[in-house]
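In: sequence and predicted structure below; questions after.
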Amino acid sequence: MVEDLNTALWQFSIRIYRDRVPGACLLLQDRHRFDVNILLFCLFQARTSAQGDDTNALKRVMAAAGPWHRQIVQHI
């Protein structure tokens, strides 16, 4: 678990979320049940992916996050 805290995605997410958009992200989550973690992943992919659109990576992340989204995000 500790190793996960040092990934490039985690560091990017913390920097973007803390410095720029916590209010907007929480508004999206609260009003529209939007998954902030998926949004941050998409921003990270857009910034770091040399291939541009990586639909397969997004599908894998959304599938993995599905239970969390249903149990936590949608029930806030």
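Out: The structure has been received and is ready for your questions.
In: quick one: the helices in this structure, in order.
Out: Counting by DSSP state H, the chain has helices at residues 8-20, 22-32, 36-48, 55-71.
In: deepest of these, which one?
Out: helix 36-48 (a mean of 15; mean count of other C-beta atoms under 10 Å). No exception for glycine: its C-beta is placed from N, CA and C like everyone else's.
In: for that helix, what is the average pLDDT?
Out: Helix 36-48 carries an average pLDDT of 85.
In: who's in contact with Asn37?
Out: Ser13, Ala65, Trp68 (C-beta atoms under 8 Å, 6 or more residues apart in numbering).
In: and the nearest residue to the first one once chain neighbours are set aside, what is it in contact with?
Out: In space, not counting the residues next to it along the chain, Ser13 is nearest to Leu40; the distance is 4.3 Å by C-beta to C-beta, 6 or more residues apart in numbering. Applying C-beta under 8 Å, 6+ apart, one finds that Leu40 lies in contact with Leu9, Phe12, Ser13, Ile16, Tyr17, Cys25.
In: let's go with 7 Å and repeat that
Out: Ser13, Ile16, Tyr17 (C-beta atoms under 7 Å, 6 or more residues apart in numbering).
In: need the residues you listed in JSON lines with pLDDT, can you?
Out: Converted to JSON lines, the contacts of Leu40 look like this (pLDDT from 0 to 100):
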{"residue": "Ser13", "pLDDT": "90"}
{"residue": "Ile16", "pLDDT": "88"}
{"residue": "Tyr17", "pLDDT": "87"}
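In: now, which of those sits nearest Val36?
Out: Tyr17 (7.6 Å; C-beta to C-beta).
In: spatially central residue in this structure, please.
Out: In the chain, the centroid-proximal residue (C-alpha atoms, centre = their mean) is Asn37; its distance is 2.2 Å.
In: quick check: it vs Gln29, distance?
Out: Going from Asn37 to Gln29 by C-beta to C-beta, to the nearest Å gives 10 Å.
In: now the protein, which segments are flagged as low pLDDT?
Out: Flagging of the chain using pLDDT under 70 yields the residue ranges 1-5, 50-54, 69, 72-76.
In: hmm, try it at 50
Out: Of all residues in the chain, those with pLDDT under 50 make up the ranges 1-2.
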